[in-house]
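S.K.: show me the folded form of this:
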Amino acid sequence: MRSAGWATWSPADAGPASGVWVLGSEFTSLGGTFGKLHQCMSEIHMLGTIDAVFYETPLNLGPGAGITNQRTIDVLHGLAMHAESWGDAMECRIVRAVNQSSWRRHFLGGIKRPRDPLTGKQIKVDLKGLAMDRCGEFGWKPAKHDQAEALGILDYAADALGFTPPWRSAVPLVRQFGSR
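M.R.: A predicted model of the protein is given here:
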C-alpha cells in the first residue's frame, strides 16, 4: 500500500524508465490507494501510449500462507484489479498478470538455495536483494526493491512479447545466483 514499483520501455528507447510510486500510508483508504495508482498510470500514459500492462499476480494469501490480514489481501487484489480495469479503459492491447515465480525465474535465473548443514532445511534467500543485484548487472540503480522488481517484470514482459531489449543485447550472459 505504501509504494509500488513501475517500469516502462519502448523498442525506440535505449533503456527503461522506472521508479517508485507512493500510493499511500496505513491511514489512506483503499479507494484513495487505488485512485493514486490510476493517477500515476495515467501520468505515464500521457507521455506516450501504453500498449501493454504486466503486473505481478497477487500472492495467494489463504490459510497457511503466513501472517497477513484482510486489509493486505484487499490491497493486493484491489491494486491488481485496478490495473486490469485501467488497462481495459485505456484500450491497452495486452493486460497480463505475471506469476512471481515466473518473472523471477526469467530475471534471476536458477537460484541454488543452500541448506543448513546441521538441520538440512533450506536457508532463506533474499530474492528482493537479488533483484537489486541483477539490476546492477544491467547498469540500473533502483532506489528500492519495488523498482528493481518492476524492472524484472519489464524484462520478463519484453521477452514474452518477443523483444530482445538493448540491456539483454549488451549483457547476454548473466551469472546464476547461488553458483560459484
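S.K.: by contact count, what packs against the worst-scoring helix or strand of the chain on mean pLDDT?
M.R.: Lowest mean confidence among the helices and strands of the chain (mean pLDDT, DSSP states H and E): helix 166-170, at a mean of 87. On a contact count with 3 or more C-beta pairs under 8 Å, 6 or more residues apart in numbering; DSSP states H and E, helix 166-170 meets helix 145-160. All C-beta spots, glycine's among them, are computed from the backbone N, C-alpha and C.
S.K.: which other residues reach the helix it packs on?
M.R.: With contacts defined as C-beta atoms under 8 Å, 6 or more residues apart in numbering, helix 145-160 is touched by 3-9, 16, 18-20, 52, 54-56, 96, 98, 102-104, 106-108, 128-129, 131-132, 134-135, 138, 140, 142, 164-165, 167-168.
S.K.: equivalent analysis for stretch 11-28, please.
M.R.: Contacting residues not belonging to stretch 11-28 are listed as 1-9, 32-33, 36-37, 40, 79, 139-140, 142-144, 146-147, 150-151, 154, 163, 165-167 [C-beta under 8 Å, 6+ apart].
S.K.: straight-line length of that stretch, end to end?
M.R.: 37 Å (C-alpha to C-alpha, to the nearest Å).
S.K.: report the buried residues of it.
M.R.: 16, 18-21, 23-24, 28 (16 or more other C-beta atoms under 10 Å).
S.K.: could I get the residues you listed in TSV, plus columns for secondary structure, distance to residue 92 and pLDDT?
M.R.: Shown next, in TSV, are these (DSSP: H, G, I helix; E, B strand; the rest coil; distance: C-beta to C-beta, whole Å; pLDDT from 0 to 100):
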residue	secondary structure	distance to residue 92	pLDDT
16	coil	18	96
18	strand	18	97
19	strand	20	97
20	strand	22	97
21	strand	18	96
23	coil	20	94
24	coil	24	92
28	coil	26	93
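S.K.: all helices of the protein, in order?
M.R.: Ranges of helices in the chain, per DSSP state H, are 30-47, 70-89, 100-108, 127-137, 145-160, 166-170.
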